[in-house]
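Participant: Kindly return the folded structure for what I paste below:
(one chain, ligands or ions: 1)
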Amino acid sequence: RLSRVLEPIQIGSMTLRNRIMMGSMHVGFEKQEDGVERLAAFYAERARGEVGLIVTGGAAVRPEGGMGDKYCNVYLDQHITPLMLITDAVHQAGGKIALQLFHSGRYAHKEATGLDPVAPSPLQAPINRWKPRELQADEIEMTIQAFADGAVRAKKAGFDAVEIMGSEGYLINQFLSPVTNKREDEWGGDFQRRARFGIEVAKRVRQAVGSDFPVVFRMSGLDLIPESTTMEETVQFAAMLQEAGMDALNVGIGWHESQVPTIAMMVPRGAYVWVAQQIKQGVSIPVIASNRINDLRQAEAILEDDRCDLVSMARPLLADPLIVRKSSEGRFDEVNTCIACNQACLDHIFDGKIASCLVNPEVGREKEWALAPATKLKKVAVVGAGPAGLEAARVLAERGHQVVVLEKQHQIGGQLNYARQVPGKQEFNETLRYYRTQLSRLRVEIRLGIQATTAMLEEEGFDEVVVATGVIPRRPEIPGIDLPHVVSYAQVFEKQAKVGKRVAIVGAGGIACDLSHLLVQDEPISPQAAQYLMEYRILDAKSMHRMQQSGRKVFMLRRGKHVGTGLGKTTRWAVLANLKRHGVEMMTQIDYREITPQGVVITQGDAEQLIAADTVVIAAGATSNDQLFHELNGRIPVHVIGGAKEAGELDAKRAILEGSAIGRAI
Ligand code: SF4
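Facilitator: Model prediction:
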């Protein structure tokens, strides 16, 4: 049972019902015709889920610091009225909401704003193709005032608080860091002068909104940029912010351009709470911790240990708007847990699309996808218990249909069972736990080890059938593919094949990357055993490192140009870097000559070479397993979804989306 999480807390004059805050996320709904209404519905749903405070995505205080007209803006008085739709909806749902005041500085995109990005110094960000121009002293003054004016507009629009965005490498952060601030006037130079811009913003906002309006400052706890602000300076900056009248500090981690993954699935849960803890020691106002906290029991433990005063969760509230309510009622197993995949949220945003959620495609469709009971109750068979089938079964049963799931394997999950074995992808276990709980709650009958046939389905009198039978691994035509040391990726994941010490993988897409990870990250010594062996000096660090290696050499081979296609923008770089660290060799633009007992003979240009391997794994895509669909077509109303409809990479996002859609259509 939770207790500390559910204790009310004071942020300035505002009392929050509990200590969970929904962190700011840009979801991009503004791009749509009815964007503000969609945002209002989205936030209201989270407010109904009883989260203590919602922070909106960034609202630009200056046009050159935003993302253009199709973005949340607060730099004109005319922006106030639309924002009121959001505050009204949240208040009606019993929630509280803060507007985030935002200026992206050198991260701004000229193609969106039509204006040159601005920054303390004219230094281009490695993740932006536009070079910023240096702000003049009078423009600095005007920008500080813009934060204050934005705060006043937020107050007028009915927000309960504002949050000043000062982390993640945006403008305020750019002023603070010696890496991006090379000024020699009173806004740059030593730490005090670099801190001045952020402190002036904080003071001016406080002055503008009055002493009783809550102001949170999102500060960078750790930039993860070489030569940037030190921890000592960070703690000092926190104290200066308190002095400047801030009511709480929300601690951000890592600039957007940082080379360190901070929120990907591979980042252990709660890995950065220590940063908030450091800051908390230097101030007396509430400190908010974030990054990879996706379970309220974990939040409870962090708060119980007094490491921070509130916990901010962003993506977990996309995955499940009701996470707080469900958890406060002890229904932890019913939570649809964010698996930190980034595939439908951040990856969409970085691709200029609208955010949704891989495990909860209802995000962004709150209005049109609200679940309604079925008008005619039916007996529906769902064939296949992969992500597509599981989601279809869940939604169908929620709407009142009688649902039977037939799965030929002896466990549910389909290809999720592959993914969850991959080091750093254990969060997929949570998705399986969620479906297991939901289907049992909804009394869905699950029959395992059953190969569904047309005759069987007809005999049982199903009104409709959903075919979600997934894919069959593709076997490319390469001479020697039938040799005994050639196996499919499915055989490796299902532990039906013995894998040797030198492995050549035919294919280098998402599945091949997962497979490589799995194959190189053997840990013959558990972390606990390693700690014991080192503590008693039985093994030194060097020998331990050697012992921990799998000793396996893996080659990924691809005809095309790129490795890891199908992986999202925000994680691909980290996955590939990790594989390289483990010595995985990636060879692209090759042709296959043949597979021999010694390995794979390839050509690269005119050169021919043998990639010596004792095991060859085929991970060269898949074809749809749609035979049952074609057999049923015309005999029983039948629908096909997921891999059975369209084979491709392991695409749980599309699978769950299609399952959710068909669940609403029958
Ligand atoms: Fe979490 Fe993935 Fe959903 Fe994003 S898409 S909220 S990371 S589960």
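
Participant: gap between Ala455 and the ligand?
Facilitator: Ala455 is 39 Å from the ligand, where distance means CB to the nearest ligand atom, to the nearest Å. For glycine as for every other residue, the C-beta is placed from the backbone atoms N, C-alpha and C.

Participant: What's the separation between that residue and Asp306?
Facilitator: Going from Ala455 to Asp306 by CB to CB, to the nearest Å gives 64 Å.

Participant: Could you do His256 as well?
Facilitator: Using CB to CB, His256 is found at 31 Å from Asp306.

Participant: Those two: which has the busier surroundings?
Facilitator: For His256 versus Asp306, neighbours defined as other CB atoms under 10 Å are more numerous around His256 (16 against 10).

Participant: Next, the contact list for the closest residue to that one other than its chain neighbours, please.
Facilitator: Using CB to CB, 6 or more residues apart in numbering and skipping residues adjacent in sequence, the residue nearest His256 is Gly169, 5.2 Å away. Contacts of Gly169 were listed using CB atoms under 8 Å, 6 or more residues apart in numbering, and they are Tyr107, Ala125, Thr180, Ser220, Asp223, Ile225, Trp255, His256, Glu257, Ser258.

Participant: ok, of those, which one's closest to Leu53?
Facilitator: Ser220 (20.3 Å; CB to CB).

Participant: Look at the nearest residue to Thr453 once chain neighbours are set aside and tell me its secondary structure.
Facilitator: Leaving aside its chain neighbours, Thr453 sits nearest to Leu628 (7.8 Å; criterion: CB to CB, 6+ apart). Three-state assignment for Leu628 (DSSP: H, G, I helix; E, B strand; the rest coil): helix.

Participant: quick one: Leu628 and the ligand, what's the gap?
Facilitator: According to CB to the nearest ligand atom, Leu628 and the ligand sit 30 Å apart.

Participant: Count residues in the vicinity of that residue, would you?
Facilitator: 21.

Participant: Same question for Phe350.
Facilitator: Neighbour count of Phe350, defined by other CB under 10 Å: 14.

Participant: now do the one 10 residues further on
Facilitator: Neighbouring residues of Asn360 were enumerated by other CB under 10 Å; the total is 21.

Participant: Would you mind confirming that it makes contact with Asn336?
Facilitator: Yes: Asn360 lies in contact with Asn336 (CB atoms under 8 Å); the separation is 5.6 Å.

Participant: Give the intersection of the neighbour lists for those two.
Facilitator: Common neighbours of Asn360 and Asn336, using CB under 8 Å, 6+ apart, are Ala319, Asp320.

Participant: quick one, what contacts the residue lying closest to Asn429 once chain neighbours are set aside?
Facilitator: Spatially, and ignoring its direct neighbours in sequence, Asn429 is nearest to Arg420 (5.1 Å; CB to CB, 6+ apart). By CB under 8 Å, 6+ apart, the contact set of Arg420 is Gly413, Gln426, Glu427, Phe428, Asn429, Leu432.

Participant: Which among the residues you listed count as buried?
Facilitator: Gly413, Glu427, Phe428, Asn429, Leu432 (16 or more other CB atoms under 10 Å).

Participant: In the residues you listed, find the pair that's most separated.
Facilitator: Largest separation among those by CB to CB: Gly413 and Glu427, giving 13.4 Å.

Participant: low-confidence ranges in the stretch 551-666 of the chain?
Facilitator: Within the stretch 551-666 of the chain, the stretches with pLDDT under 70 are 649-650.

Participant: Mind doing that once more with 90?
Facilitator: Scanning the stretch 551-666 of the chain for pLDDT under 90 picks out 551-552, 560-583, 605-606, 621, 647-651.

Participant: Can you name the residue of it nearest the ligand?
Facilitator: Lys653 (7.4 Å; CB to the nearest ligand atom).

Participant: Compute the distance between the closest residue to that residue other than its chain neighbours and Ala340, please.
Facilitator: Using CB to CB, 6+ apart and skipping the chain neighbours, the partner closest in space to Lys653 is Leu358 (4.5 Å). Applying CB to CB, one obtains 10 Å for the distance of Leu358 from Ala340.

Participant: How about Asp138?
Facilitator: 43 Å.

Participant: Check Ala497 too.
Facilitator: Using CB to CB, Ala497 is found at 30 Å from Ala340.

Participant: So which of the two has more stuff around it?
Facilitator: Counted by other CB under 10 Å, Ala497 and Ala340 do not tie: Ala340 has more neighbours, with 25 against 16.

Participant: residues in contact with the more buried one?
Facilitator: Neighbour list for Ala340: Ile263, Ala264, Met265, Val267, Arg292, Asn294, Arg315, Glu427 [criterion: CB under 8 Å, 6+ apart].

Participant: Out of those, name the ones that lie in helices.
Facilitator: Arg315 (DSSP state H).

Participant: What about the contacts of Ala340, which one has the most neighbours?
Facilitator: Greatest neighbour count in the contacts of Ala340, by other CB under 10 Å, goes to Arg292: 25 neighbours.

Participant: thought it was touching Val273?
Facilitator: No: counting by CB under 8 Å, Val273 is not a contact partner of Arg292; they are 9.1 Å apart.

Participant: Which part of the stretch 1-150 of the chain gets nearest to the ligand, residue-wise?
Facilitator: When scored by CB to the nearest ligand atom, the stretch 1-150 of the chain has Met25 as its residue closest to the ligand, at 8.7 Å.

Participant: mind checking pLDDT for the nearest residue to that residue once chain neighbours are set aside?
Facilitator: In space, and not counting its chain neighbours, Met25 is closest to Ala314: 4.8 Å by CB to CB, 6+ apart. Ala314 carries a pLDDT score of 94 in this model.

Participant: Ala314 and the ligand: what is the separation?
Facilitator: Applying CB to the nearest ligand atom, the value for Ala314 to the ligand is 8 Å.

Participant: which secondary structure elements does the helix or strand hosting the residue of the stretch 551-666 of the chain closest to the ligand contact?
Facilitator: Using DSSP states H and E, Lys653 sits in helix 652-665. Under the contact definition 3 or more CB pairs under 8 Å, 6 or more residues apart in numbering; DSSP states H and E, helix 652-665 sits against helix 387-398.
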